[in-house]
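[1] Give me a 3D structure for the following:
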Amino acid sequence: MSEQIPRVLLAGSNSGCGKTTVTCAVLGGLAGRGLRVGAFKCGPDYIDTMFHSRITGLPSTNLDRFFFDENTVNFLLARSGSGCDLSVIEGVMGYYDGLGPGKTAASTYEVARSTRTPVILVVNAKGASLSALAVLHGFSSFCPDSGIRGVLFNQCADAAYPALAQAVLERFEGRIRPLGYLPRMKDCALESRRLGLVTADQVKGLEEKLEALAKQAQSTVDLDGLISLAAQAPPVQYAPIHLPQYPPVRIAVAKDAAFCFYYEDNLRALREMGAQLILFSPLSDTDLPPNIQGLYLGGGYPELYARPLSENSRMRSAVRAALEKGLPCIAECGGFMYLTERIGGFPMVGALPGGCFDTGKLVRFGYVSLKAKVNNLLCRAGEEIRGHEFHYWDAEEPGGDFTAVKPSGKSWDCVTATQTLYAGYPHLPFYANPSFAQNFYKACLKEGAKHV
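    Numbers count the residues shown, from 1 in each chain. Modelled structure (predicted):
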């Protein structure tokens, strides 16, 4: 199929150059014009997408070339971008940074190539003038098919931009367009934590910051030029991915300050197969939603809310009782930690042995390929799916029913998997192997049949 999706990709020269701040400003500026704006994030990040959604009012989708093949990335882009006036894709790390030194695999560049999306490079101009153009020249010429068609300068002084813009026009002879700048906006900085940005709900004064960024973009970013560039993107080519339709089931999904890391397309996949997703809070609710056939405990920051999670003993007991009765459950990262005996010194659900502790450093960070060692809720022994880990806390009993292998070849055992449970640190993107989602759904159907 072929679909016209006006779009641009905002790439960074490096991590920390201000991609997320610039992206939020651009999304806000466009939305402020009354446009319906689609938002996407390269890579496995589930936090930046929260900021996108807060601004646009629409779900933000991950486009990841480690998780997904080229067709899947284009399918997800076309599906989520359909009906939008234009879409903005935020990059990850530096533009060419991939799975390792010397590799562009799984990089923002690879997403841009796969989707044939015009690229706007975000260059931090703080403390630089003409040298910022040397950065632009290096990135645009590093690969002949860089796709870089525009540049946005971040932390650029008002007085410096006119000369920089003129130099871009002269040196690149129209091949790269200057599309404006953001000055230094100290009051609009988005706080950081070890796991990247804090979530949208945790940023103090977020609405005021986003409003200021949008207003600044309307003043100093060439939104008309950006819209024009987006319109030049070629049609997205893809083969549709069809998920089977099943009888309806009710799946409880933990969603609160402690559990908020979900890939939007995972939730969408369950809905498309027929699920009704019932949101609940392990922090504030005292029981699981009624008449459910499945449970999804996503990642998040349960370690920050260990005390209130522990004090909510009624919910902990309800979850444990449901699992003991065989309720199908996916528990990823923070959700897995919640099912163990304790987080730090605070008692948790206790459905799994051992507790979780702070290591003070990243543990097994990065992409993994997971292979099942036993038949389980999501797949049969030997079947595989790609995933991602990012956590500072570890478990005394991380499980041993899957083998995880990093692109470097390093491997370890992980995950507790039974006929009714997947519980472990790796996050699973369902479209990396849709059969995993289908098997979970089928298990929920069987659970429902028990009560007919």
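[2] Can you pull out the low-pLDDT segments for the chain?
    Applying pLDDT under 70 to the chain flags residues 188-205, 451-452.
[3] got the residue ranges for the helices in it?
    19-31, 48-56, 70-81, 108-115, 131-142, 161-172, 206-220, 223-231, 264-273, 306-311, 313-324, 334-339, 434-449 (DSSP state H).
[4] ranking the ones you listed by burial, who's on top?
    Neighbour counts (mean count of other CB atoms under 10 Å) averaged over each of these peak at helix 334-339, with a mean of 28. For the C-beta atoms, the positions are set from N, CA and C on the backbone; glycine is no exception.
[5] and it, what does it pack onto?
    Judged by 3 or more CB pairs under 8 Å, 6 or more residues apart in numbering; DSSP states H and E, the packing partners of helix 334-339 are strand 259-261, strand 294-297, strand 299-300, helix 313-324, strand 384-395, strand 421-424.
[6] export these to TSV and tack on distance to Phe172?
    TSV is the format used below for the helices and strands packed on helix 334-339 (distance: least, CB to CB, whole Å):
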stretch	distance to Phe172
strand 259-261	40
strand 294-297	48
strand 299-300	42
helix 313-324	58
strand 384-395	36
strand 421-424	48
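[7] Relative to Glu397, which of the helices of the chain is closest?
    helix 334-339 (10.4 Å; CB to CB).
[8] Now Thr23. Nearest residue, chain neighbours left out?
    Glu90 (4.3 Å; CB to CB, 6 or more residues apart in numbering).
[9] Ignoring the adjacent residues along the chain, who's closest to Ser284?
    Nearest residue to Ser284, sequence neighbours excluded (CB to CB, 6+ apart): Asp256, at 6.8 Å.
[10] Bridge partners for the nearest residue to Leu277 once chain neighbours are set aside, pull those for me.
    Closest residue in space to Leu277, ignoring its immediate chain neighbours: Val253 at 5.0 Å, by CB to CB, 6+ apart. With DSSP bridges as the criterion, Val253 is bridged to Leu279, Tyr296.
[11] out of the helices and strands packed on helix 334-339, nearest to Ala432?
    Ala432 lies closest to strand 384-395 among the helices and strands packed on helix 334-339, at 4.5 Å (CB to CB).
[12] distance between the closest one and the chain's centre?
    14 Å (CA atoms, centre = their mean, to the nearest Å).
[13] still on that earlier bit, mind checking which of the helices and strands packed on helix 334-339 is nearest Arg171?
    Using CB to CB, the helices and strands packed on helix 334-339 put strand 384-395 closest to Arg171, at 39.1 Å.
[14] How about the closest one, which residues are buried there?
    For strand 384-395, the neighbour count (16 or more other CB atoms under 10 Å) marks 384-391, 393, 395 as buried.
[15] burial of Ala381, as a residue count?
    The number of residues packed near Ala381 is 13, by other CB atoms under 10 Å.
[16] Please disregard the earlier target; I meant Cys84.
    Cys84 has 18 neighbouring residues, counting by other CB under 10 Å.
[17] how close does it get to Gln216?
    23 Å (CB to CB, to the nearest Å).
[18] Look up how far Ser369 lies from Leu421.
    21 Å.
[19] Looking at the helices and strands packed on helix 334-339, which is nearest to Lys209?
    Comparison of the helices and strands packed on helix 334-339 against Lys209 by CB to CB identifies strand 259-261 as nearest, at 19.2 Å.
[20] so what does the closest one touch, helix or strand wise?
    strand 299-300, helix 334-339.
[21] got these as JSON lines, with distance to Ile227 columns?
    Output for the helices and strands packed on strand 259-261, formatted as JSON lines (distance: least, CB to CB, whole Å):
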{"stretch": "strand 299-300", "distance to Ile227": "35"}
{"stretch": "helix 334-339", "distance to Ile227": "39"}
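[22] Out of those, which is closest to Pro308?
    Nearest to Pro308 among those is helix 334-339 (12.1 Å), distances taken as CB to CB.
[23] Could you export the closest one as PDB, CA atoms only?
    Provided in PDB are the C-alpha atoms of helix 334-339 (Å, rounded to 0.1, in the frame of the first residue of the first chain):
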ATOM      1  CA  GLY A 334       8.500  -2.500  37.300                       C
ATOM      2  CA  GLY A 335       5.500  -4.800  37.100                       C
ATOM      3  CA  PHE A 336       7.800  -7.800  37.600                       C
ATOM      4  CA  MET A 337       9.400  -6.000  40.600                       C
ATOM      5  CA  TYR A 338       5.900  -5.500  42.100                       C
ATOM      6  CA  LEU A 339       5.300  -9.300  42.000                       C
END
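[24] to the chain's geometric centre, what's the distance from that helix?
    From the chain centre to the centre of helix 334-339 is a distance of 19 Å (CA atoms, centre = their mean).
[25] next one: stretch 350-361
    Using CA atoms, centre = their mean, the offset of stretch 350-361 from its chain centre is 24 Å.
[26] buried set for that stretch?
    Applying 16+ other CB under 10 Å to stretch 350-361 flags 350-352, 355-356 as buried.
[27] ok, so of those, who is nearest Leu445?
    Set against Leu445, the nearest of these by CB to CB is Ala351 (22.5 Å).
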